[in-house]
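Asker: Okay, sequence plus prediction incoming.
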Amino acid sequence: MRHLNLVNDLVKDLAYGARTLRNAPTFTTTVLLTIALGIGACTAIFSVVNAVLLRPLPYKNPGRLVLADAPVSNAYFFDLRDGTGAAFDDLAAIMVFRAIVPREDGTAERIGKGLITTNFFHMLGAQIVFGRDFTEADGIPNGPPAPPFPPSEGSVAILSYNYFQRRYGADPNVIGRKLPGTGGSGPQIVGVLRPGFTLFVPASVSTQPSVDIWIANDRGYDEPNRGELMLQVIGRLKPTVTVDQAQSQVDRIAATWGPDRMQVHLDSWHKRLVDEVRPALLALMAAVMLLFLVACANTGNLLLVRTSLRQRELAIRTALGARIGRLTRQMLTEALLLSGLGTLLGVGLAWLGIRGLVRLAPSNLPRLDSTSIDWRVLVFSASCGIFGSIILGMLPSSCVARSDVMQILRSAGRSGHLGTGRFVRSAVVIAEVALAFVLLIGSGLMFRSFVELLHVSPGYDPHGLLTFLTIGNAKDVEPERRLAFLHELEDRLRSIPGVRSVGGATGLPLHAVGPPEGIQWSAEQVSGGPERRVDIETILPGYFETLHSRILEGRTFTEADNASGQKLAVIDQSLAEKVFPNQSALERRICVYIPDPTWLRVIGVVEHQRLHTLADRGREQIFVMDGFWGIGISRHWALRTEGDPEKYAAIVRLEIAKFAPGRLAITDMQTMDTTINREQAGTRFDLLLIGLFAMIAALLAAVGLYGVVSSAVRQRTAEIGLRIALGAEPGGVVRLVIRQGLTLGAVGIGIGLVASAGLTRVMASMLVGIQPTDPATYALMTAVFLLVTAMACWVPARRAGGVDPMVALREE
């Protein structure tokens, strides 16, 4: 019976709460929109965090998958596979690259290819919908050892489902057919992957966004091929083995490769994938949680003001026999209704906001397209709603429980009953200001960082450059003709009217540059084997001149350097200062490990180029001539033009088509300014969101201050009228009210300053050129927030200064 009474009371409380809220539409709408804004923003950002950081990889036993940080050859891979069986359930290797494949009609297309060991799909749990998976027999070398580059076409292939639909119209009869290949038929199609299988790897492994054709790795793994460092190792740990234990097994095998060999380090696949974006996403999550707390404080303040206006009603109900516990339960029920409806609205706003976030977000966020509202997101939203309902319910309930019923009933005017809870409202506003100020500091730091990023010197002049990538199959050109082929193409491009100079390289700044993990190096006076990694880039003569990179010492490459057969290098200023401090680097020697030690003679020093990102100086750099490694015919090109470089895109395509019809595909054609703009997208995205959250929080804090000061003015109307009647100037009353409001704001700002000094440290990896404790930013944001505080207090202060003493005293 007691349970039935409780249920009955709850139903009555819900009905009474709904009726009360319906009778106050302005208040209810304001609170619902504030809650929905806070929870909606939190839910939208958390959905991105969930998709990128929390959701496990879509593979079998994803928590046990590890990824190596350095490429290895087939021979090294099999050493690891055969020697680490105690640590791994399985070990596979992969190489992802872009390729040009011919069509049956004689044209060519650019696709993504994956060269994989035959156990790769089985290890990841990928399913085949047509045909079969690779077998061990598919990985047996067939014929003489292939050259390192280009990667082998293989003998058998499996298609991605998207490519299967796009190229073959989802015809299952494609199984058994041979793909077109260079100089005839290519590998035989033996299977098609299930829809939805996607390879997620960090940019250090591959920047190719998708793989269309998977080739079984049938390259040789004998001793002559040990230098072909092109495979990334992926492993699944045994259930009881840790990453550190597996690393010790790998180190034991790597030690047999000799002291000068590259080291292989293991880490969680998921961790490697998200390491680069984790700090920014966590900072955004912290920012949006601060906004949510500001929204809770703001709605709590609104409820406190509303409760103070209802205290005579509540006191009368108490005098007539209502229990404090029942009144408190009604307050909690109203808060639960508001929070529940606000949460539903917030989830709806988040669902709409996710689409905009996905469109605005930078391209380096992995698995962003899988962002959705799943059970984790709903649990998170519900938790925010429950937390909000507790805050919204406890604040007014505590004021009701502490109120003096007889004093309220004896009060005839407004002054008496509005005073209860003033201290609580002031404390809530101070907390609101402190939280909003932390967000404002964060947005200020991001703005300063963005300005610094705009003015950073990349080591080259990006204006007036047209960049693109030509991809071709080296087998289309005889080995002895490949270098001449590139130089002839360079001359054709240089002959285009309006083209001032041409530079070619295996990678341009902010494009795919060299081996992703760099090359180990040492120098004559550096003992103890390889030092830290360095970027190494293969370039054509004229590269530095085209990019307008300054030559600081010595000279750059000439056409005669290839003919001489010498191992020459141009190094950047950072490496020169590190290895040859306070001395000339010319004619000194640098050793690179690829993987065998190769000594290079330094002939020049250039300014440091920011190759991978503008936000960080990056590694030191070594540049070698285009004849240093086996020559392919795929190259990145930079053309410095007169006027707008975009206007030259069409004529460049036409000239290349005439020079090498059907042999070269052109991709990634854009100006370097466009590339710079894309590189800045991540910082712009963070600045936009944190700045938006800060503005909303500052607005809510200003509204909260306005409410508290207005409430104080209403409470002290009689006192203000008496002051003016006794001779006080209206201007003095205005200053008094503003000073009281500024005091609340200053206390909140002081607390926010202390909190900011600690909380903004999580942004350290997101900032460029400034520190998280930048004094100028703190001073500017303090002045801005004090101005906002003064503006929020101005209207109630003016109202206080205009009080008519006779009217105020008569009302009292």
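Answerer: Thanks, I have it. Numbering: from 1, shown residues only.
Asker: Distance of residue 84 relative to residue 246?
Answerer: Taking C-beta to C-beta, to the nearest Å as the measure, residue 84 falls 7 Å from residue 246. C-betas here are computed from N, CA, C, even on glycine.
Asker: Touching both of these two, which residues are there?
Answerer: Common neighbours of residue 84 and residue 246 are listed as residue 235 (criterion: C-beta atoms under 8 Å, 6 or more residues apart in numbering).
Asker: Residue 500 reaches residue 641, doesn't it?
Answerer: Yes - proximity of residue 500 to residue 641 meets the contact threshold set by C-beta atoms under 8 Å, at 6.5 Å.
Asker: Between these two, which has more neighbouring residues?
Answerer: Taking neighbours as other C-beta atoms under 10 Å, residue 500 and residue 641 compare with residue 641 leading, 20 against 12.
Asker: Now do the phi/psi pair for that one.
Answerer: Backbone geometry at residue 641, expressed as degrees, to the nearest 10, gives phi -120, psi 170.
Asker: Give me the pLDDT for it.
Answerer: Listed pLDDT for residue 641 reads 93.
Asker: what does residue 327 give?
Answerer: Residue 327 is assigned a predicted lDDT (pLDDT) of 64.
Asker: and if you look at the one 4 residues further on?
Answerer: On the pLDDT scale, residue 331 is placed at 74.
Asker: and residue 661, how many neighbours?
Answerer: 10.
Asker: And it, how far from residue 385?
Answerer: Note on residue 661: its distance to residue 385, by C-beta to C-beta, is 64 Å.
Asker: go on, residue 113?
Answerer: With distances taken as C-beta to C-beta, residue 113 is found 48 Å from residue 385.
Asker: So the residue lying closest to residue 126 once chain neighbours are set aside, which state does it fall into?
Answerer: Spatial nearest neighbour of residue 126, excluding adjacent residues (C-beta to C-beta, 6 or more residues apart in numbering): residue 197 at 5.1 Å. Following DSSP: H, G, I helix; E, B strand; the rest coil, we place residue 197 in the coil state.
Asker: so who does residue 197 touch?
Answerer: Going by C-beta under 8 Å, 6+ apart, residue 197 touches 58, 126, 127, 160, 161.
Asker: Hmm, residue 64 is touching residue 242, no?
Answerer: No - if you go by C-beta under 8 Å, residue 64 and residue 242 don't touch, sitting 10.2 Å apart.
Asker: between these two, which one's more packed in?
Answerer: Set residue 64 next to residue 242 and count neighbours by other C-beta under 10 Å: residue 64 wins out with 20 against 11.
Asker: And the more buried one, what's its pLDDT?
Answerer: You'll see residue 64 listed with a pLDDT of 94.
Asker: so who does the residue nearest to it when sequence neighbours are not counted touch?
Answerer: Here the nearest residue to residue 64 in space, its sequence neighbours aside, is residue 237; by C-beta to C-beta, 6+ apart that works out to 4.5 Å. If you count contacts by C-beta under 8 Å, 6+ apart, residue 237 has them with 64, 65, 66, 87, 88, 89, 243, 246.
Asker: Relative to residue 674, which of these is nearest.
Answerer: Checking the contacts of residue 237 against residue 674 by C-beta to C-beta gives residue 65 as the nearest, at 35.5 Å.
Asker: For residue 460, give its distance to residue 346.
Answerer: According to C-beta to C-beta, residue 460 and residue 346 sit 47 Å apart.
Asker: neighbour count winner among the two?
Answerer: Between residue 460 and residue 346, counted using other C-beta under 10 Å, the more crowded position is residue 346 (30 against 24).
Asker: For that one, which three-state class applies?
Answerer: Three-state assignment for residue 346 (three-state DSSP): helix.
Asker: Test my guess that it contacts residue 34.
Answerer: No - Residue 346 is beyond contact range of residue 34, at 10.2 Å (criterion: C-beta under 8 Å).
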